[in-house]
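A.B. asks: model this:
(chains A and B)
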Number of protein chains: 2
Amino acid sequence: MNDTAPVCVAVDAMGGDKAPETILAGLEKALQDDPALSVLLFGDEQVVAPFSQHHPRVTPRVTTEVIEMGEDPLAAVRHKRDSSIVAGVRAVRRKEAQAFFSAGSTGACFAAATVIMGRLKGIHRPAIASVIPTPTKPFVLCDMGANPDCKPEDLLMFAHMGGVYARFALGREHPTIALLNNGSEKGKGSELTKRAYELMEAEVPGFVGNAEGGDLLDSRYDVFVADGFTGNVALKALEGSTKTVFRTLRDIIMSSPKNKVAGALLKSSLRQLMLDVNSDAYGAAPLLGVDGICMIGHGSSNERAIENAMHQVCLSVRGDLVGAVAAIAGERLKQ
Amino acid sequence: MNDTAPVCVAVDAMGGDKAPETILAGLEKALQDDPALSVLLFGDEQVVAPFSQHHPRVTPRVTTEVIEMGEDPLAAVRHKRDSSIVAGVRAVRRKEAQAFFSAGSTGACFAAATVIMGRLKGIHRPAIASVIPTPTKPFVLCDMGANPDCKPEDLLMFAHMGGVYARFALGREHPTIALLNNGSEKGKGSELTKRAYELMEAEVPGFVGNAEGGDLLDSRYDVFVADGFTGNVALKALEGSTKTVFRTLRDIIMSSPKNKVAGALLKSSLRQLMLDVNSDAYGAAPLLGVDGICMIGHGSSNERAIENAMHQVCLSVRGDLVGAVAAIAGERLKQ
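C.D. replies: The predicted structure is shown next:
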C-alpha cells in the first residue's frame, strides 16, 4: 500500500447532527494531517464556497438539496438528484473522486451507493461493516444496520466481507469470525442463523462458530456477523449501556466531597477509558459490496470523529478495499 | 393480594451452574423470610432427603434423572420423565404445587411447561418476561429468549403479557410499552417489527412506539417487546458491556497506589451501583402464556438470586399471574 498516494474524496458537508461545522473542522484537520488528500466538497454555496477559498486542496461543488434524517431513503435518492449525497456518490461513479464520505442519513447513503455505484458481481446485499471499540481491542461488526431482513446466504457474504475489513481496518491478517447468536452451542439459533452457521462453517476461513451478545466486548473474536436488525440493536445496546454506566459514575463522583476527591485522582485513567471505548477513533464505516468506496459516519460525529473518518477513507482507497471485496466475491462465483 | 396466603412451590434442586449448593442455601433463606412458603424439592435422593430432614416445610421428591444444559430440550423432556424438571412441572399440573421454579435449562423448562401445563387459550407462543435492572429503575423485556422465530401476532401478545408482568413485578399500573427496533421512527424496522408496530398501535394500551437498543438502560419505558432472538442478544450485550466496564474499572483502580486510594474512597458507592445493575435482585423470570406458573432462574444464580427468585414466585402465585394473562388472552378472543 502506498501511504502517500494522492486521494480525492467526495465529502458531504451537510450530513450529521452538527453539520456543517464539525464536518468542516474535522476536514481541516484531516487536510493538515495528510498532504496527499484533496476534497470535493458538496453542499450549500454559503457552506462550501468560503471553506474552499481558504483551503487550496478543496474544490466546492454546490448542491441545492439536503436529504434529511427522517426521509424515506430510496424516494429521497430518486427525487433529490441535486442533494449533497446523490451528487457526491455520482462524483465517485464518474471517477471524479475515489471515495464518498457522509455523516448524514445512513439509509440514503446506502440507497445512493447501491443504485448509483451498483453492486459488485456476486454480492446480493451490500452491508455496513463497523469497527467497534472495546476497553482492550476493537472488533468488526457486519452488518451493523443496512439490511434488517436477511437470508442465510447474505450472512455468509457478510462474514467474508467483514473478514476483509478486519484485515484493512485492524490489520488482522487471519481474522476470527463469529456468528452473533442466541446461544453458543452449534444448533442454537433462529432459522436464519442455524442455516447461516452451516454455510459459514463450510466455506469461511477463520469461522469459529456462534457467539453471544455477552461476547461482543470480550475481545475474543475479530469479526461478528449479524443481520442488520440484530447488529443495530446489539451495537446500540452496547453504546447505550457504556454511556449509562459512565453517566452514573460521574453522578457518583459528584455526589459527595469524598467522592470528588476520588474522581480527581482517577481523572486521567477514566478519561483514557472513555477514549478507548469511544467510536470516534473509527469515524467511518464502509458500505461493503458496492462498486466504489462509500463510507458513513455517525450522525453525532464530532470534529475528531470526522478527522479519523477521513483517515479510514484514505486507508480504504490506498489499499483498494473494493478490489479486495470484489476478489472474494469473484472467487465464490467461479466455484 | 393476600401477602400471607400459603404457597407451595415445586423447586428443581439440580438446575444451575452452582446447584445444588446455592439452590439449597437460597431456599433456606426464603423459607426463613416467608413462613407461609412450603416446598416440594425435586432431585437426587442424597440432595433432597437430608435438606428436608432439617426443614419441616420441605417435602422431598426423589428423581433419578437430570436434564443437562446442552441437551435438546424437547427430546430431553420426552425421554427424561423422571428428571427434576419434568417431575416438578408435572406436580404443578397435578395441583400438588402452585408454581415451579428451576435455575436449570431454560429450553427444557420452556418445553416441559408448554407440553405439560399447556398453553392458555388465545396464546400461540408462551414467552419469557425478564426484569432487567438499570442504575435507576428496572424494566421488563419480553421475550428474552424463548422464541427465536416469531410472527407479528406473537410480538403483539408479548406486549400484552409484558404489560401484565410490569404491573406484577414492578407495580407499574399503566406501563409504557415500546417495540425494540433498529430505528425510532415509525416505519423503521424489519418486516416483522413493521407489521408488529401496526398491530400494537391498534390495540396495546400504553404502546409508545419504537425504541432502540440505546434506550434500554434509559429507564424511559416500562416494557420492551422483542422476538426471543433479539431479546436474548440485546440482554446479553447489556449484561456483558456492564460487566466489561466494571472489570476495566477494577483494573484501573488496582493499577497504581493513587488509584487504589480513589478506589477505597469510592468503594461503597461502586458496590451500591453494582448491586443496582445486578440481576440477582429479580432472580426469576416467568414463562408467560402457559396454564401454570413456571419461573426460570439464571444458570449462574447465587444464593441471593435464589432467595429473591422465591419471592418473585410467591408474588406471582398470590397475585394470580396466570389469571391475569388468561384474562387478557380471553378478552382478545371475544373481540
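A.B. asks: how about the helices in chain A?
C.D. replies: Residue ranges of the helices in chain A, as given by DSSP state H, are A:21-33, A:45-54, A:73-79, A:84-93, A:106-112, A:152-170, A:191-203, A:228-254, A:257-276, A:303-318, A:321-334.
A.B. asks: mind giving me a markdown table with those and columns for mean neighbour count?
C.D. replies: For every residue, glycine as well, the C-beta is placed using N, CA and C. Below are the helices of chain A laid out as a markdown table (neighbours: other C-beta atoms under 10 Å in any protein chain shown):
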| stretch | mean neighbour count |
| --- | --- |
| helix A:21-33 | 19 |
| helix A:45-54 | 15 |
| helix A:73-79 | 17 |
| helix A:84-93 | 26 |
| helix A:106-112 | 26 |
| helix A:152-170 | 24 |
| helix A:191-203 | 17 |
| helix A:228-254 | 22 |
| helix A:257-276 | 15 |
| helix A:303-318 | 23 |
| helix A:321-334 | 16 |
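A.B. asks: Turn these into CSV, including mean pLDDT.
C.D. replies: As requested, the helices of chain A are arranged in CSV below (pLDDT from 0 to 100):
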stretch, mean pLDDT
helix A:21-33, 97
helix A:45-54, 96
helix A:73-79, 93
helix A:84-93, 98
helix A:106-112, 94
helix A:152-170, 96
helix A:191-203, 97
helix A:228-254, 92
helix A:257-276, 91
helix A:303-318, 94
helix A:321-334, 91
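A.B. asks: mind putting these in a markdown table, distance to B:Ser300 included?
C.D. replies: Rendered in a markdown table, the data for those read as follows (distance: least, C-beta to C-beta, whole Å):
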| stretch | distance to B:Ser300 |
| --- | --- |
| helix A:21-33 | 43 |
| helix A:45-54 | 54 |
| helix A:73-79 | 43 |
| helix A:84-93 | 47 |
| helix A:106-112 | 37 |
| helix A:152-170 | 29 |
| helix A:191-203 | 24 |
| helix A:228-254 | 19 |
| helix A:257-276 | 26 |
| helix A:303-318 | 37 |
| helix A:321-334 | 40 |
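A.B. asks: right, and those - which one's nearest A:Gly145?
C.D. replies: Of all the helices of chain A, the one in closest proximity to A:Gly145, counting by C-beta to C-beta, is helix A:228-254 (4.0 Å).
A.B. asks: angle of the closest one against helix A:152-170?
C.D. replies: Here helix A:228-254 runs at an angle of 50 degrees relative to helix A:152-170 (axes from the mean of the first three to the mean of the last three C-alpha atoms, to 10 degrees).
A.B. asks: ok so, going back, closest one to B:Asn302 among the helices of chain A?
C.D. replies: Set against B:Asn302 and scored by C-beta to C-beta, the helices of chain A come closest in helix A:228-254, at 21.6 Å.
A.B. asks: Next, see if that closest one gets close to chain B.
C.D. replies: Yes. For helix A:228-254, a contact with chain B is found by C-beta under 8 Å from any C-beta of the partner chain, at A:228-230, A:232-246, A:248-249, A:252-253.
A.B. asks: Stretch A:281-298 too?
C.D. replies: No. Among the residues of stretch A:281-298, none lie within reach of chain B under C-beta under 8 Å from any C-beta; the closest is 12.0 Å away.
A.B. asks: still on that earlier bit, which of the helices of chain A sits closest to B:Arg93?
C.D. replies: The minimum distance between B:Arg93 and the helices of chain A falls on helix A:191-203, with 30.5 Å, by C-beta to C-beta.
A.B. asks: Quick one: residues in contact with that closest one.
C.D. replies: The contact list for helix A:191-203 (C-beta atoms under 8 Å, 6 or more residues apart in numbering or on different chains) reads A:150-153, A:155-156, A:159, A:177, A:179-182, A:186-189, A:207, A:209-210, A:225, A:227, A:332, B:148-149, B:229.
A.B. asks: how about 10 Å then?
C.D. replies: Contact partners of helix A:191-203, identified using C-beta atoms under 10 Å, 6 or more residues apart in numbering or on different chains, comprise A:149-160, A:177-183, A:186-190, A:206-210, A:225-227, A:230, A:332, A:335, B:148-149, B:229.
A.B. asks: Okay, angle between that helix and helix A:228-254 too, please.
C.D. replies: Orientation note: helix A:191-203 sits at an angle of 100 degrees relative to helix A:228-254 (the same axes, to 10 degrees).
A.B. asks: Surely A:Arg61 is in contact with A:Met14?
C.D. replies: No. Using C-beta atoms under 10 Å, A:Arg61 and A:Met14 do not qualify as a contacting pair, with a distance of 11.5 Å.
A.B. asks: Those two - which one has more neighbours?
C.D. replies: The neighbour count for A:Arg61 versus A:Met14, taken as other C-beta atoms under 10 Å in any protein chain shown, is higher for A:Met14 (25 against 21).
A.B. asks: My read is that that one contacts A:Thr22, right?
C.D. replies: No. Under the criterion of C-beta under 10 Å, A:Met14 makes no contact with A:Thr22, lying 11.8 Å away.
A.B. asks: Common neighbours of these two, please.
C.D. replies: Shared between the contact lists of A:Met14 and A:Thr22 (criterion: C-beta under 10 Å, 6+ apart) are residues A:Ala103.
A.B. asks: Next, show the common contact partners of A:Arg61 and A:Met14.
C.D. replies: Shared contacts of A:Arg61 and A:Met14 (C-beta under 10 Å, 6+ apart): A:Phe42, A:Gly43, A:Val48, A:Ser84, A:Gly88.
A.B. asks: which one is the first one nearest to, not counting chain neighbours?
C.D. replies: Read it as A:Phe42. If the residues on either side of it in the chain are set aside, A:Phe42 comes closest to A:Ser84, at 4.0 Å by C-beta to C-beta, 6 or more residues apart in numbering or on different chains.
A.B. asks: dump the residue contacts of the one you found.
C.D. replies: For A:Ser84, the set of contacting residues under the criterion of C-beta under 10 Å, 6+ apart consists of A:10-15, A:19-20, A:41-44, A:47-48, A:61-67, A:102, A:104, A:108.
A.B. asks: how's chain A carved up into domains?
C.D. replies: For chain A, automatic domain parsing gives the domain ranges A:1-123+A:289-335, A:129-279.
A.B. asks: Ok, which of those domains comes nearest B:Pro35?
C.D. replies: Between B:Pro35 and the domains of chain A, the shortest gap by C-beta to C-beta is with domain A:129-279, which sits at 37.5 Å.
A.B. asks: who in the stretch 1-150 of chain A is up against chain B?
C.D. replies: Within the stretch 1-150 of chain A, the residues that sit near chain B (C-beta under 10 Å from any C-beta of the partner chain) are A:69-70, A:72, A:106-107, A:134-136, A:144-145, A:147-150.
A.B. asks: same thing but 8 Å
C.D. replies: Along the stretch 1-150 of chain A, the residues adjacent to chain B under the rule C-beta under 8 Å from any C-beta are A:Gly70, A:Asp72, A:Thr134, A:Pro135, A:Gly145, A:Pro148, A:Asp149.
A.B. asks: Let's have those residues in JSON lines, adding neighbour count, pLDDT and distance to B:Arg57.
C.D. replies: Putting those into JSON lines (neighbours: other C-beta atoms under 10 Å in any protein chain shown; pLDDT from 0 to 100; distance: C-beta to C-beta, whole Å) gives the following:
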{"residue": "A:Gly70", "neighbour count": "14", "pLDDT": "80", "distance to B:Arg57": "60"}
{"residue": "A:Asp72", "neighbour count": "14", "pLDDT": "89", "distance to B:Arg57": "63"}
{"residue": "A:Thr134", "neighbour count": "18", "pLDDT": "89", "distance to B:Arg57": "48"}
{"residue": "A:Pro135", "neighbour count": "19", "pLDDT": "85", "distance to B:Arg57": "47"}
{"residue": "A:Gly145", "neighbour count": "26", "pLDDT": "90", "distance to B:Arg57": "53"}
{"residue": "A:Pro148", "neighbour count": "22", "pLDDT": "95", "distance to B:Arg57": "52"}
{"residue": "A:Asp149", "neighbour count": "15", "pLDDT": "97", "distance to B:Arg57": "53"}
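A.B. asks: Which two among those residues are spaced furthest apart?
C.D. replies: Comparing all pairs in the residues of the stretch 1-150 of chain A next to chain B by C-beta to C-beta, the longest separation belongs to A:Asp72 and A:Pro135, at 38.4 Å.
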